[in-house]
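Asker: with the input below, show me the fold.
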Amino acid sequence: MNDLKDYFKSKLKEVDETCEIHGTKLVSGFGRPAICMQCAKEDKEKREQELVEKVSGDYFKRNTYNWLGQHSIFLDETLKQSTFESYETIEDEAVRNKEQALQIAREYYKGATFNSVLTGNAGAGKSHLAMSMLRVVNEYSSPYRKCLFISVDEMMRKIKAGFNRTDDYYYTEERMVNLLTEADLLVLDDLGAETGAINSDKAATDFTTKMLYAIVNGRMSKPTIITTNLDTRALGKKYDSKLISRMMKGAKGHVIQFKETKDKRMEIF
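Answerer: Residues are numbered from 1 along each chain as shown. Okay, here's the model as predicted:
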């Protein structure tokens with residue numbers, strides 16, 4: 001090895017030119033243009049650091065950015081493609097609500113931790129806007145944030161489907177609580193649907209209440225977006241008042257209401 005080093009060293013020679021950065025003599029050899037050895041060393045270290053950062057960034061992206069697609073639970077799979085651009089704004093209310101949702105999304109990717117609520121008419125596009133908010137945060141956050149969209153009704157159904165199973169079923173109560181707690185930004189979609197018809201006085205089951213408590217308590221320092229067809233009074237009939245209070249933490253000023261927007265799913269003629 002020393003012989004090889006000595007060989008290369010013998011082929012290099014200093015020239016009269018000086019590096020403007022380091023003030024050292026340039027070196028030439030093997031018919032190549034003269035270079036500054038210190039500059040070459042720094043350039044090599046820079047390229048190595050860029051490679052490390054790229055590998056690290058790719059890993060972090062796979063394990064953070066891709067959360068939205070890998071771990072979300074949808075009742076309606078078409079919501080995966082929802083964007084602000086594809087949200088229809090026929091009514092003035094829809095225009096205002098879209099802009100408010102976009103503004104809240106901007107605050108989230110800058111690090112805001114308040115909760116927000118999208119409430120009102122069924123089919124007005126609350127879930128569409130909530131998913132659009134997640135996509136913006138997922139795309140523009142620096143560093144990346146783990147974004148997650150969860151249909152409450154579908155998650156509860158999946159968990160209950162695993163009761164009494166003895167295999168390594170994925171959708172266990174513990175695993176779902178941990179997943180939803182770990183997310184940096186979470187959408188709890190269609191809250192109240194898991195209790196049945198929205199115009200009924202049926203309260204959430206003890207199991208549902210227990211699950212939601214565990215999730216909300218684990219997210220006290222993290223933002224959550226809630227979509228629901230229910231108003232505060234109706235939510236109060238279905239859930240414990242303490243649970244509702246915690247869900248609404250910081251939501252004042254960040255409530256998007258749909259009173260005039262029509263049910264977009266009914267527009268088939």
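Asker: for residue 188, see how far away the spatially most central residue of the chain is.
Answerer: Residue closest to the average C-alpha location in the chain (Cα atoms, centre = their mean): residue 147, at 1.9 Å. As for residue 147, its distance to residue 188 is 13 Å (criterion: Cβ to Cβ, to the nearest Å). Backbone N, C-alpha and C define where each C-beta goes, glycine included.
Asker: one more: residue 151?
Answerer: When residue 151 is compared with residue 188 (using Cβ to Cβ), they lie 9 Å apart.
Asker: list residues touching both of those two?
Answerer: By Cβ atoms under 8 Å, 6 or more residues apart in numbering, residue 151 and residue 188 have no common neighbours.
Asker: just the element for the spatially closest residue to residue 83 that is not a sequence neighbour, please.
Answerer: Distances taken as Cβ to Cβ, 6 or more residues apart in numbering place residue 132 nearest to residue 83, at 5.4 Å, with adjacent residues excluded. In this assignment (DSSP states H and E), residue 132 forms part of helix 126-140.
Asker: that helix - what's its average pLDDT?
Answerer: The predicted model assigns helix 126-140 a mean pLDDT of 96.
Asker: buried set for that helix?
Answerer: 126-138 (16 or more other Cβ atoms under 10 Å).
Asker: now tabulate the residues you listed in JSON lines and tack on distance to residue 161.
Answerer: Output for those, formatted as JSON lines (distance: Cβ to Cβ, whole Å):
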{"residue": "126", "distance to residue 161": "26"}
{"residue": "127", "distance to residue 161": "22"}
{"residue": "128", "distance to residue 161": "27"}
{"residue": "129", "distance to residue 161": "29"}
{"residue": "130", "distance to residue 161": "25"}
{"residue": "131", "distance to residue 161": "24"}
{"residue": "132", "distance to residue 161": "29"}
{"residue": "133", "distance to residue 161": "29"}
{"residue": "134", "distance to residue 161": "25"}
{"residue": "135", "distance to residue 161": "29"}
{"residue": "136", "distance to residue 161": "33"}
{"residue": "137", "distance to residue 161": "30"}
{"residue": "138", "distance to residue 161": "28"}
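Asker: wait, which of those is closest to residue 224?
Answerer: In terms of Cβ to Cβ, no member of those lies closer to residue 224 than residue 130, at 10.5 Å.
Asker: gap between that closest one and residue 15?
Answerer: For residue 130 relative to residue 15 (Cβ to Cβ), the value is 65 Å.
Asker: immediately after whatever helix or strand residue 154 lives in, which helix or strand?
Answerer: Using DSSP H and E, residue 154 maps to helix 152-161. Next along the chain after helix 152-161, taking DSSP H and E as the criterion, comes helix 173-182.
Asker: what sits against residue 215?
Answerer: Per Cβ under 8 Å, 6+ apart, neighbours of residue 215: 177, 180, 181, 188.
Asker: turn those residues into CSV, columns for pLDDT, distance to residue 80 and neighbour count.
Answerer: Output for those, formatted as CSV (pLDDT from 0 to 100; distance: Cβ to Cβ, whole Å; neighbours: other Cβ atoms under 10 Å):
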residue, pLDDT, distance to residue 80, neighbour count
177, 97, 23, 19
180, 98, 18, 24
181, 97, 23, 16
188, 97, 17, 25
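Asker: which of those residues sits closest to residue 119?
Answerer: Distances from residue 119 to these, taken by Cβ to Cβ, are shortest for residue 188, at 12.3 Å.
Asker: can you tell me the SS state at the spatially closest residue to the closest one that is not a sequence neighbour?
Answerer: Distance criterion Cβ to Cβ, 6+ apart; nearest residue to residue 188, sequence neighbours excluded, is residue 226 at 5.0 Å. Three-state secondary structure (criterion: DSSP: H, G, I helix; E, B strand; the rest coil) places residue 226 in strand.
Asker: average pLDDT for stretch 88-105, rounded please.
Answerer: In the prediction, stretch 88-105 has an average pLDDT of 94.
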